[in-house]
Each structure stands twice: as structure tokens, then as C-alpha cells.
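*Asks:* pasting a predicted model and its sequence here:
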Amino acid sequence: MSLWQRPLKRLKAMSYDKLLAYSNPKSDRIYAERRTYRFRLNSLKSFVSLFLVGTVLSVALAACSGGETASNSSSETPSAAPVAATKDNVELTLVSFAVTKAAHEAIIPKFVEQWKKDHNQTVVFKQSYGGSGSQTRAVIDGLEADVVHLALAGDTSKIEKAGLIQPGWEKEVPNNGIVSKSVAALVTRPGNPKNIKNWEDLSKDGIKLITADPKTSGVARWNFLALWNSVIKTGGDDAKATEFVTKVYKNVPLLTKDAREATDAFFKQGQGDALINYENEIILAEQKGEKLTAIVPDVNISIDNPIAVVDKNVDKHGTREVAEGFVKYLYTPEAQQEFAKLGFRPTDDTLTLSKEVADKFPKVKTLGTVADFGGWDGINKKFFADGAIFDQIQAKKK
């Protein structure tokens, strides 16, 4: 039975043992069950541009990670007071990874307006943003999300395995639950002095690549898959892919713990000749006025971000109807346009073919997907489990 066809559950009164978020108007700090750390960055005028690039990309990349620690923030729309699910009002809690915040803050008011028009009901949103892995753990540990929008389907599966999401969630919505997506990009030094043009160049002698450890970083797993995919999609087999990826990782001077550290090492510390990043982060940084030298390889991996209703929580809160309505709305052209503005490639086919989107995003000729490699369970077992391919590659470096 699809998400759209599920019958409306009887609305239940919501009870709160504690608020999800507190706001201090004097300091503008937001707390959500875990403390958010904000960094105040100061540098010399001649260094500020490079410094800000590193800051924007490091924070956003860490937020995308499925495994690394990141700060968490919460906000509410339009009121800070908890509102029980009633005939006139319903409160919905959205938990997402940080780089989606700007898009959701643009989309939510439009959804609230449409829901009010169609149902004569006011929806009040609680929003929590942070690293995908951190958000996943928070939901499992008791953060009562009605909807989760995470960086990795593997993170959503962890919530499913914890008994909070019913199996088959990815089949209840379009695109196997994927509501936003991006691809990998290579960031180089200004002017690209090492003439890095594609994945193959990363294996050459004299090239230093900065990336995080895929054993501890979700972003780094996407990076690894992008490298592996570049061989498989051009006719290579597992043996050739292993040989190529081994050469690339020999050019990695140090595997950082997470994507934030990798980006800091590249931009702030000046290490390396190239950094693997998300395309949407490049676009967002450029929108903020930063100047980057970046390449989007035409053989690439689709970085897919899933959306899901947290079944146990919506049934407890009596919010299933509005939660499913919000998820459905995120697939509309109006919502997908907002994602596209912030650098995410739209999932709406009509929007993808529009001139505006075509001009914004470089064409990728060959695009691999997680499904090509057996899904996240298969990927983790083959590449990242103890003793699997990545460990074998690292052993060859010693």
C-alpha cells in the first residue's frame, strides 16, 4: 500500500516530556538535546576569501556525512510553543542533514500555506539540522522526528532496523525515496596548476588528494564509490578498480576522521592538490561569492538523499496525514525548484529538462548509482566492513 493511499490514523493528543529546542534571544544560540557549537571566524583581509571557502565547505560537508560527528541545530516555524495535533493545529517535527536547511526553510512556508488552504489546518514545524549520522543516532535515541531527510539511505535503514520506520519505506514514494541528489566534484588549487581534469589524474605520481577515512566518514564513502565507479562504468572490472583506487589512496597523505577535517586541511592548512566535494556545496559556495576551481567529471556517482516518514512517531503523535502530505509535497515541481536553487539536482524529470536547470548543472554522461553496487548493505559489506576491500587497499600502503 503506497504512502498516498494509507488511511488517516485517528489523531492522538501529543504529550511532551521536554521540548526539543530552546532559544536564547540574547545569544541567538539554539539547543536541541545536544549542544550546537558555532564558530566565529576571523582572519587577515588578504586571507579571508580562502578562509571563508574552507569554512562554508567544511561545515556543509561534515553535515552531509553519514558517520561523522557534527553540530545540530533546531528551529521552529512559525511558533516556538508546542502545539498538539488538533482539528485546527498540528505540529510536525522534521529532522534533516544540515545543508538542506536553506531549501526546507524556503519550502515549508509554501507547504503550510497550501495545507491550510486544502485542509483548513495550521501546521507548525519543528526543525532539527545536523550531521546525517548524528541526526540518525538522535532519532534512534529518542528525538521524535515525524519525517527524516538524511544524506544516506543507509542512515534511514538504521532507523528502520531500530523499529521506528516500517520496512518498504523507499517504495512508498517516488524514486525509491530519493528526494534530493547531487554528484561528486573535484576542487583544485586556483588555476588548477597540476592540470587535474578527471578521476584518472588523481592516481598520477606527484598528486596529493585530500579525503576523509571511509571507515569513519559517510561523505568519504561517497568519495570512494565515485572513484570505484569511474573504473567500472568505463569497462573495467573489480581487479582494475582495485588497482586504480589503490593508486589513488597512495596519493592521500593522511586520511582525516571526517569531511570537515579534510576540507580544513585543504583550504585552511593548504595541504594537497585536490579535494573531492559535493557539487551542491560548490554551487552554494559560489552563490555566497566564493571563487573556486572545480571540475564535475562526466563519469560520476549519484549522491542520493532519502526522505521517510517515521511510522512509530507519527502514529504516536497523530500526525501521519500531514507528514505524508509534506513528503508528497517535496516531490512537486515547486519544492524541487527550491532544491535546485540551492545546488541539488532535481528529481523531477520535467524540471531536469528545463533550460534553467540544464544551464545550471554540467551534464554527466555516465552516472552510477548505489543500486549498481548492491545497495548500502552490499556496499558496506564489500568495501567497508573489517577486512573488506578498503582495509585491503590500506594494507598495501604499508
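*Replies:* Perfect, I can see it now.

*Asks:* tell me if Leu254 really is in a strand.
*Replies:* No - remark: Leu254 does not belong to a strand; assigned using DSSP: H, G, I helix; E, B strand; the rest coil, it is coil.

*Asks:* ok, it - contacts?
*Replies:* Leu254 sits next to 265, 271 when contact means CB atoms under 8 Å, 6 or more residues apart in numbering. (Each C-beta comes from the backbone N, C-alpha and C, glycine too.)

*Asks:* what sits up against stretch 163-176?
*Replies:* By CB under 8 Å, 6+ apart, stretch 163-176 touches 2-3, 139-140, 148, 153, 156, 159-160, 177, 179, 306-313, 327-328, 331, 347, 371.

*Asks:* then it to CSV, C-alphas only?
*Replies:* Taking Å, rounded to 0.1, in the frame of the first residue of the first chain, the C-alpha atoms of stretch 163-176 are listed here in CSV:
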residue,chain,number,x,y,z
GLY,A,163,11.9,-0.4,14.7
LEU,A,164,10.8,3.2,14.1
ILE,A,165,10.2,3.0,10.3
GLN,A,166,8.3,0.2,8.7
PRO,A,167,10.1,-1.9,6.1
GLY,A,168,9.5,-0.9,2.5
TRP,A,169,9.6,2.9,3.2
GLU,A,170,11.5,3.5,0.0
LYS,A,171,8.7,2.0,-2.1
GLU,A,172,6.0,4.3,-0.7
VAL,A,173,7.3,7.4,-2.5
PRO,A,174,8.8,8.2,-6.0
ASN,A,175,12.4,7.5,-6.9
ASN,A,176,12.9,4.9,-4.2
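
*Asks:* roughly how far is that stretch from the heart of the chain?
*Replies:* 18 Å (CA atoms, centre = their mean, to the nearest Å).

*Asks:* can you report how many residues lie near Lys240?
*Replies:* By other CB atoms under 10 Å, 13 other residues sit near Lys240.

*Asks:* roughly how far apart are it and Asn380?
*Replies:* Lys240 is 22 Å from Asn380, where distance means CB to CB, to the nearest Å.

*Asks:* and if you look at Asn176?
*Replies:* Distance of Asn176 to Asn380, given as CB to CB: 18 Å.

*Asks:* check Lys355 too.
*Replies:* Taking CB to CB, one finds Lys355 at 39 Å from Asn380.

*Asks:* more neighbours: those two, which one.
*Replies:* Shown here are Lys355 and Asn380; by other CB under 10 Å, Asn380 has more neighbours (15 against 7).

*Asks:* and the more buried one, backbone torsions?
*Replies:* Main-chain torsions, Asn380, degrees, to the nearest 10: phi -60, psi -40.

*Asks:* so what's it up against?
*Replies:* Residues in contact with Asn380 (CB under 8 Å, 6+ apart) are Gly154.

*Asks:* now with 10 Å, please.
*Replies:* 154, 214, 221, 374, 388 (CB atoms under 10 Å, 6 or more residues apart in numbering).

*Asks:* now swap in Asn198 and tell me
*Replies:* So Asn198 contacts 186, 230, 295, 297-299 (CB under 10 Å, 6+ apart).
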